[in-house]
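Participant: with the sequence up front, the predicted model follows.
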Amino acid sequence: MVSSKEFENALIEIFQDAQKDGLSSVNVTSGELHRKLGGYPSSNHNMPGCCSVMSRIMESDDEVLDEPLKGKGSTLTIKYSLPRSSINTKNSNGFMNWNSLKQNKKINLFLNPQQKIFHLKKINL
């Protein structure tokens, strides 16, 4: 069964690929996402988990385009705005996408060159 973390990582990859292509948004459908990771359709699917992750990572500029009657099904479609301001946006090496965070003024990143230590300062908006 596909885990929530696997769904989240797949979404991050989709966001990164779309940003590299210069898109300002990307539409994701739960059924397609789950098929990409395997385990759907089957009796051992995790469609509720897939839909929960998709909904949980929504930001204020995102939009639900299609929602199944029961709320968690293969037709859930969300339009995600890019770039993502979420701290969950990571690069292919698993590190935070600092440029995206800084552009959206969620944090400031300071480098202390003498100690080679990064310092984060959260900005209260």
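Facilitator: Ah, there it is. Numbering: from 1, shown residues only.

Participant: where does this protein have low pLDDT?
Facilitator: Low-confidence segments of the chain, defined by pLDDT under 70: 86-125.

Participant: who's in contact with residue 62?
Facilitator: Neighbouring residues of residue 62 by CB atoms under 8 Å, 6 or more residues apart in numbering: 78-81. Every residue, glycine included, has its C-beta placed from N, CA and C.

Participant: where exactly do the strands run in the chain?
Facilitator: Along the chain, counting by DSSP state E, strands occupy 25-29, 63-66, 77-81, 107-112, 117-122.

Participant: between the contacts of residue 62, which sits nearest residue 15?
Facilitator: Proximity of the contacts of residue 62 to residue 15 (CB to CB) peaks at residue 80, which lies at 6.6 Å.

Participant: mind listing the residues bridging to the closest one?
Facilitator: Per DSSP bridges, the residues bridged to residue 80 are residue 26.

Participant: and for it, the neighbour number?
Facilitator: For residue 80, the tally of surrounding residues (other CB atoms under 10 Å) stands at 22.

Participant: in this structure it contacts residue 24, no?
Facilitator: No. Counting by CB atoms under 8 Å, residue 80 does not reach residue 24; the two are 10.3 Å apart.

Participant: which ones are touching residue 34?
Facilitator: If you count contacts by CB under 8 Å, 6+ apart, then residue 34 has 2, 7, 40, 45-47, 50, 74 around it.

Participant: go with 10 Å
Facilitator: Applying CB atoms under 10 Å, 6 or more residues apart in numbering, we find residue 34 in contact with 2, 7, 10, 40-42, 45-47, 49-51, 74.

Participant: same check, this time on residue 49
Facilitator: Taking CB under 10 Å, 6+ apart as the test, what residue 49 contacts is 1-7, 30, 34, 72.

Participant: now with 6 Å, please.
Facilitator: residue 4 (CB atoms under 6 Å, 6 or more residues apart in numbering).

Participant: repeat that for the one 10 residues further on.
Facilitator: Shown here is residue 59, which makes no contacts under the criterion CB under 6 Å, 6+ apart.
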